[in-house]
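> What follows is a predicted structure for the sequence shown.
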Amino acid sequence: MPTHASLIDFIFNAGLVVKFVMLILLLASVTSWMLIFQRFFLLQRIKRNIQDFQKQFWSGINLNELFDKLRNQKSETLSAVFQAGFGEYLRIKEQSSMKPDAQLENISRAMRICANNQIESLQSNLNFLATVGSVSPYIGLFGTVWGIMTSFSSLGGAQQATIAMVAPGISEALIATAFGLFAAIPAVIAYNRFTHGLNSITHSIDNFAEELIKILHRKVHT
């Protein structure tokens, strides 16, 4: 019998608890892959937006002109931080009584709040991948232990126990462990990869915020 057919037979012949465990792991795996593809394309788009905005910002364009250009557009990461910081600068520019240091503090706070919101938005759903990666092997192991326990308990009334009698039940149980690993390994790899990408984006946002506050520092003091 082909290996694929045997695997299908093992799945359908497994006990109710083991089937339930495999169903949970299958749903977790499908959901993880949906999040993996969604996060992958999102991060790729964010990186392109960062590169495009940096080209605009460092092209020598007037900051007021850039701010007006971005005002009616959907802002993400660097462009959102720029709008938050420069918008706060324009707002407090009219308050001549405010000291320069206080102005810069308000601008920095506005950019920091915006940056935190952007990062929190990008981090959404990553906890699910971390949970699947850490919990799935244990769920699969539970199904395996339960299946093996059931297989051996069925031998209680047998006068002579052989490997042939318990092998099918043990094979069915071990599939639960395979399901757990199948769900966990991609989730762990994706989580680590996306975390590294988010760290790179966070670093880019922090560097840009520092550069912008330097530029606005000169404007405020002149």
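Received, thanks.
> Going along the chain, name the strands of the chain.
Using DSSP state E, no strands are assigned anywhere in the chain.
> how about the helices of it, start to end?
3-13, 16-57, 63-70, 77-93, 100-123, 126-153, 163-221 (DSSP state H).
> middle-most residue in the protein, spatially?
Leu126 (2.9 Å; C-alpha atoms, centre = their mean).
> Need the CA coordinates for stretch 72-84. PDB is fine.
C-alpha atoms of stretch 72-84 as PDB (Å, rounded to 0.1, in the frame of the first residue of the first chain):
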ATOM      1  CA  ASN A  72      -4.400  63.700   2.100                       C
ATOM      2  CA  GLN A  73      -2.600  60.400   1.800                       C
ATOM      3  CA  LYS A  74      -2.600  57.300   3.900                       C
ATOM      4  CA  SER A  75       0.500  57.500   6.100                       C
ATOM      5  CA  GLU A  76       2.500  54.600   7.400                       C
ATOM      6  CA  THR A  77       5.700  54.400   9.400                       C
ATOM      7  CA  LEU A  78       8.100  57.200   8.400                       C
ATOM      8  CA  SER A  79       5.500  59.300   6.600                       C
ATOM      9  CA  ALA A  80       3.200  59.000   9.600                       C
ATOM     10  CA  VAL A  81       6.000  60.000  12.000                       C
ATOM     11  CA  PHE A  82       6.900  62.900   9.800                       C
ATOM     12  CA  GLN A  83       3.300  64.200   9.700                       C
ATOM     13  CA  ALA A  84       2.900  63.800  13.400                       C
END
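> So which residues make contact with it?
Contact with stretch 72-84 is made by 46, 49-50, 53-54, 57, 66-67, 70-71, 110-111, 113-115, 118, 201, 204-205, 208-209, 212, as judged by C-beta atoms under 8 Å, 6 or more residues apart in numbering. (Glycine included, C-beta is placed from N, CA and C.)
> now do 6 Å
Residues outside stretch 72-84 that contact it (C-beta atoms under 6 Å, 6 or more residues apart in numbering) are 46, 49-50, 53, 70, 110-111, 114-115, 118, 205, 208-209.
> So which of the helices of the chain is the most surrounded?
helix 77-93 (a mean of 20; mean count of other C-beta atoms under 10 Å).
> so it versus helix 63-70, what angle?
Relative orientation of helix 77-93 and helix 63-70, computed by axes from the mean of the first three to the mean of the last three C-alpha atoms, to 10 degrees: 120 degrees.
> Helix 77-93 to helix 163-221, inter-axis angle?
If you take the same axes, to 10 degrees, helix 77-93 sits at 30 degrees to helix 163-221.
> quick check, distance from helix 77-93 to the centre of its chain.
Remark: helix 77-93 is offset 27 Å from the chain centroid, using C-alpha atoms, centre = their mean, to the nearest Å.
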